[in-house]
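Undergrad: Got a predicted structure here, sequence first:
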Amino acid sequence: MATVTIDELSKRYAGGGEPAVKAVSLAVADGEFMVLLGPSGCGKSSVLRMIAGLEPITAGTVAIDGRPVNHVPAKDRDIAMVFQSYALYPHMTVHANLAFGLRRRSVPGDEIDRRVRGVAEKLGLTPFLARKPHALSGGQRQRVALGRAIVRDPKVFLFDEPLSNLDAALRVSTRNELIKQQHELGTTTIYVTHDQVEAMTMGDRICIMNKGEVVQIGKPLEVYRNPADAFVARFLGNPPMNLLPARLEQAGDRTIARFSDVAVELTAYPISALKPYVGGPVTLGVRPEDLYEVPPPAIASRALQIAARVLAVEPLGAETLLMLTIGGAGPEIIARVGRDTNLRTGGDATIALDPNALHLFDPTTTKAIARVA
Amino acid sequence: MRLWLNHLRRTPLLLFLVLYTIVSGGPFLWVMSMSLRTTPEIFDDPYALPVRLHWEKFANAWTNSNYGTYFWNSLIVVVTAVALVTLIGAMAAHCLARYRFRGSRLVRFVILSGMILPPQLLILSLFQILLDYGLYNSLAGLIIVYVATQLAMTVYILEGFFAQLPQDLFDAARMDGYADFEIFWRITLPIGLPAIFTTVTLNFILLWNEYLYAVVLLTDDEKRTLPLGIMHFMGGHQLDVGMIATGLMIAIAPVILLYALFSETMIKGMTAGAVR
Amino acid sequence: MAEPAAPPRTRIVAWLMGDSVADSRQAPARTILLFLAPALLVYAGFTIYPVLRTFYNSVHTIGPHNVQTFVGLDNFVALVTQDRVFWKAVANTTIFTVVGTVADVLGGLLLALCLFAKVPLARAMRVIWFTPVLMSYVIVGIIWVWLYDYDWGLVNLVLGWLGLESLQHSWLGDPATALWAVVVTHLWKWLGFNMIICLAALHALPEEVLGAAELDNCGWFAKLVYIIIPMLRPTLVNLLVLSFIGKMMMFDLVWIMTAGGPLWSTETVSTYVYKRAFNWNTFDLGYPSAIAVLWFFMILLFVTLMTRLLRQRDRVEF
């Protein structure tokens, strides 16, 4: 149980080139489940390894419980880590794998035995204690890796993409298992992943990184609803948010966004925020689930109807994805509609849009323009 | 402060590294230096650097002490033997790796077990056999013996590599109408070039340095290979350290030259037999 | 690959080259024979036949002009019961092999660990440390004979500089030190080889496992003992066996440095075989053949025992 604070953390690898991590700052509260989310190469694993002490820090500080640990060796930071490849000791039995860290710390023998059996019981590993890792399935190895971390009873858990080597079904069940364990133990956890579903379902807060920098930190739903820039907007959400170039115009006291013969009034944005962009280009964003074949009653009154032509229909079972062009020849967008659609490829369609669900981004900086709600 | 302490901790390690580098590389440099000094100079101060570089010693060794002959003998024997063992070894390896046939396992076992046969088990009989066939004291005889001694290891390394080539490649070649030998010549050999390079390197070094078989099977001074030539010279001129050193340099210079150019290939080649 | 224009073939060539058979894993017998024949012929004539002939020789006395007398197991009996030189050679070879093998592999591992520890110029040192492996035993032997020289050899010189004059020896002339001197020289030649292989094996270790060990409170020594060496076990066993076999058969180095002297203190089985065959007052190839045969079986026995003892029961994959 501890807080982890990172201040202006940077990492540059020998051989020059761009720094892998640029001035990352993050504060993880005691008992919090913080997810570091980002595409491959964004620096999230480097940050994790610097927190663990497996990677030297180029600049900045890492503090655990307020105490800077930059020069504290990894073994003294009271941290446990679950690696992507599980990193089990292949020549030791499951029992020995679990007990190793404790043995190395001179924990008395019967205490080790008690803790190992307890954790094995918890994770359903008791029948495997005498086996070696190569005789276990992927999911079982993962649980041993988790057990090895739990048995140490550390201040912080670090997870480095632990689910990426599992198949889809196993991933879901293991994910729930992990969440359950973390809630029971209440240990501060930092979890690295590139999978946004994991981030959304597991994190108390998520921290999105791109190209070595922190882009946004916040609760999953907040980040989803209010992405800080176009990158976050497209990274969260599947299918990703549609981004369209548009122009802002002023018509009296109403601000209108115009794209492809469609004009939509922007009521969710304060005039002051929009003023600098009037008369010029903006990037308009709308999530596929905010495009409707038949608008629900709640927004029917303000919904804007758009003419479009269907390029492709992808029935997914529970819902259908539509690929459309606006006005028949304009930009392509994706809409998420119900399973009972009658639309066909090549046919014409009218799609309803909720003006309040629009996102606006600065066309050059890609940052989000502040909304009212 | 901490950084400085870290460096201090590593000092014994770094010292050891420097020491071992001197120990492993020093002797060669010493021989190189001695090869360019006259024997009196050496006895005066064995470990000094040459004052004047006596390049004429090499010419002297080459003609007067017959090192030229020894060198050419070594070259002929080794190049021929390596070429032959590579060709027939590759053919056998290709056959064992590609085709399933009755008795293939037996053949493989018989050939590969040759790797643990001690030379003593073979040398006396080979002596008799070469005598019987008139191949005693001939370069041809030595070449054939060398091919036989290196065959097992060569087949082992090449078969391991050839077996990893995707079968699809050969199925496609078959469908394109290639005959078996063409497949070997046009596909296995070109693609297997890295492994072949490896065995060529290994065989070249081992045979260039080979002593036991040569000393038993050759007696004429005209036929001697370099290792033999050096020992013969040693026998007659034990105190002429300078000239012996020159002879050593003639023997080792080609190897070191190749090593300077192709160190990675040679390291890989020499250790190929041992890597699992 | 472009479709080749099929060259016109003579019938013999066509017969030799074989037809294209649908299953590329099958080939007509003549093709297989074509590929294997050269190798098998050479092998049969110059490896298998000599081995068989050595076995034949071992139960005969082979005098000059190839006079052969069948003696049954007399050679072996004489060898085992009366030949003190043989048993001294066996003892020497065994000491040489056991000490040399252990030192060889441990030393190679040690050197590899040094280079593995991210030292500067590691690549250059790796290349330099490997050089002795490339040198002929003739060269290595002669150099070290000079280095061991009592008067001007570097070994005694360095001992003098360090103030250890009392330790100066005639290294190759003193029966007490000669064998050890040869062991050291042999080590000098081969450490680089084992180092390369251990280094490659170290680099193949999964980094994350080593990271996990660090988090589990392992310093460099604990990591070495509990993680690295166990995981390196197949490689180390391999090296031990290879080194063992090589040393049991060692001839060149001993012959060049000491020719078995002084007073049989460096006599190995292989040098003894050579001496009995070519440097003895009576010419008889039968007796040394018997030595070779007996020694071969002893090597086989040792190697089988070694592998059985050291081999791991289950394969550990990672």
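TA: Yep, it's here.
Undergrad: Could you confirm whether stretch B:72-82 reaches chain C?
TA: No. Stretch B:72-82 lies out of reach of chain C by C-beta under 8 Å from any C-beta of the partner chain, never closer than 10.2 Å. Using the backbone N, CA and C atoms, a C-beta is placed for each residue, glycine as well.
Undergrad: Show me the contact partners of that stretch.
TA: For stretch B:72-82, contacts defined as C-beta atoms under 8 Å, 6 or more residues apart in numbering or on different chains pick out B:139, B:142-143, B:146-147, B:150, B:200, B:203-204, B:207-208, B:222-227, B:251.
Undergrad: Out of these, which are close to chain C?
TA: Within the contacts of stretch B:72-82, those near chain C by C-beta under 8 Å from any C-beta are B:147, B:208, B:226-227, B:251.
Undergrad: mind listing which of the residues you listed are in strands?
TA: Using DSSP state E, no member of these sits in strands.
Undergrad: Highest neighbour count among these?
TA: Among these, the one with the most neighbours (other C-beta atoms under 10 Å in any protein chain shown) is B:L226, at 31 neighbours.
Undergrad: Three-state assignment for whatever residue of the stretch 1-150 of chain C ends up closest to chain A, please.
TA: Closest approach between the stretch 1-150 of chain C and chain A, counting by C-beta to the nearest C-beta: C:K118, at 10.6 Å. Three-state call for C:K118 (DSSP: H, G, I helix; E, B strand; the rest coil): coil.
Undergrad: Can you list phi and psi of it for me?
TA: Here is the backbone geometry of C:K118 (degrees, to the nearest 10): phi 50, psi 60.
Undergrad: Tell me which residues touch A:S46, please.
TA: A:11, A:20-21, A:55.
Undergrad: Can you add neighbour count and secondary structure and give those residues back as JSON lines?
TA: Below are the contacts of A:S46 laid out as JSON lines (neighbours: other C-beta atoms under 10 Å in any protein chain shown; DSSP: H, G, I helix; E, B strand; the rest coil):
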{"residue": "A:K11", "neighbour count": "21", "secondary structure": "strand"}
{"residue": "A:A20", "neighbour count": "20", "secondary structure": "coil"}
{"residue": "A:V21", "neighbour count": "29", "secondary structure": "strand"}
{"residue": "A:E55", "neighbour count": "19", "secondary structure": "coil"}
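Undergrad: Identify, from the residues you listed, the entry nearest to chain B.
TA: The closest of the contacts of A:S46 to chain B turns out to be A:E55 (C-beta to the nearest C-beta; 16.1 Å).
Undergrad: Setting the sequence-adjacent residues aside, check what's closest to that closest one.
TA: Nearest non-adjacent residue to A:E55, counting by C-beta to C-beta, 6 or more residues apart in numbering or on different chains: A:R49, 3.9 Å away.
Undergrad: residues in the stretch 101-250 of chain C within reach of chain A, list them.
TA: Residues of the stretch 101-250 of chain C lying near chain A (C-beta under 8 Å from any C-beta): C:206, C:208-209, C:211-219, C:222, C:226-227, C:230-231, C:233.
Undergrad: PyMOL command to pick out the buried ones of these?
TA: Per 16 or more other C-beta atoms under 10 Å in any protein chain shown, the buried members of those correspond to this PyMOL selection:
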select buried, chain C and resi 206+208+209+211+212+213+214+215+216+217+218+222+226+227+231+233
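Undergrad: returning to what we had before: where's the residue nearest to A:E55, which helix or strand?
TA: Take DSSP states H and E as the rule and A:R49 turns out to sit in helix A:44-52.
Undergrad: Dump that helix to CSV, keeping only the CA atoms.
TA: Output of helix A:44-52 as CSV, limited to C-alpha atoms (Å, rounded to 0.1, in the frame of the first residue of the first chain):
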residue,chain,number,x,y,z
LYS,A,44,4.8,3.1,-21.4
SER,A,45,6.9,0.0,-20.8
SER,A,46,10.0,2.2,-20.3
VAL,A,47,8.1,4.2,-17.7
LEU,A,48,7.1,1.0,-15.9
ARG,A,49,10.6,-0.4,-16.0
MET,A,50,12.0,2.8,-14.6
ILE,A,51,9.5,2.6,-11.7
ALA,A,52,10.6,-1.0,-11.1
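Undergrad: follow-up on the earlier one: mind putting the contacts of A:S46 in TSV, pLDDT included?
TA: Compiled in TSV, the contacts of A:S46 are given as follows (pLDDT from 0 to 100):
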residue	pLDDT
A:K11	89
A:A20	88
A:V21	91
A:E55	89
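Undergrad: Among these, which one sits closest to chain C?
TA: When the contacts of A:S46 are compared for distance to chain C (C-beta to the nearest C-beta), A:E55 wins out at 9.4 Å.
Undergrad: thinking again about what came up before, possible to save the ones next to chain C among the contacts of stretch B:72-82 as CSV with distance to chain A?
TA: CSV is the format used below for those (distance: C-beta to the nearest C-beta, whole Å):
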residue, distance to chain A
B:V147, 42
B:W208, 39
B:L226, 45
B:P227, 44
B:A251, 41
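Undergrad: Distance of whichever residue of chain A sits closest to chain B relative to A:G53?
TA: Distance from chain B to each residue of chain A (C-beta to the nearest C-beta) is smallest for A:H71, at 6.2 Å. Distance of A:H71 to A:G53, computed by C-beta to C-beta, to the nearest Å: 9 Å.
Undergrad: neighbour count winner among these two?
TA: For A:H71 versus A:G53, the count of surrounding residues by other C-beta under 10 Å is larger for A:G53: 23 against 9.
Undergrad: Quick check on that one: phi, psi?
TA: Dihedral angles (degrees, to the nearest 10) for A:G53: phi 100, psi 10.
Undergrad: And for it, nearest residue in space, chain neighbours not counted?
TA: Once flanking residues are discounted, A:G53 sits nearest to A:A74: 3.2 Å by C-beta to C-beta, 6+ apart.
Undergrad: Quick check, that neighbour in contact with C:N217.
TA: No. If you go by C-beta atoms under 8 Å, A:A74 and C:N217 don't touch, sitting 9.0 Å apart.
Undergrad: any idea which helix or strand comes after the worst-scoring helix or strand of chain B on mean pLDDT?
TA: Least confident helix or strand, chain B: helix B:2-35 with a mean of 83, by mean pLDDT, DSSP states H and E. Per DSSP H and E, the first helix or strand lying C-terminal to helix B:2-35 is helix B:39-44.
Undergrad: what is the mean pLDDT for that next one?
TA: Across helix B:39-44, pLDDT averages out at 85.
Undergrad: helices or strands next to it in the packing?
TA: Where contact means 3 or more C-beta pairs under 8 Å, 6 or more residues apart in numbering or on different chains; DSSP states H and E, helix B:39-44 is packed against helix B:241-271.
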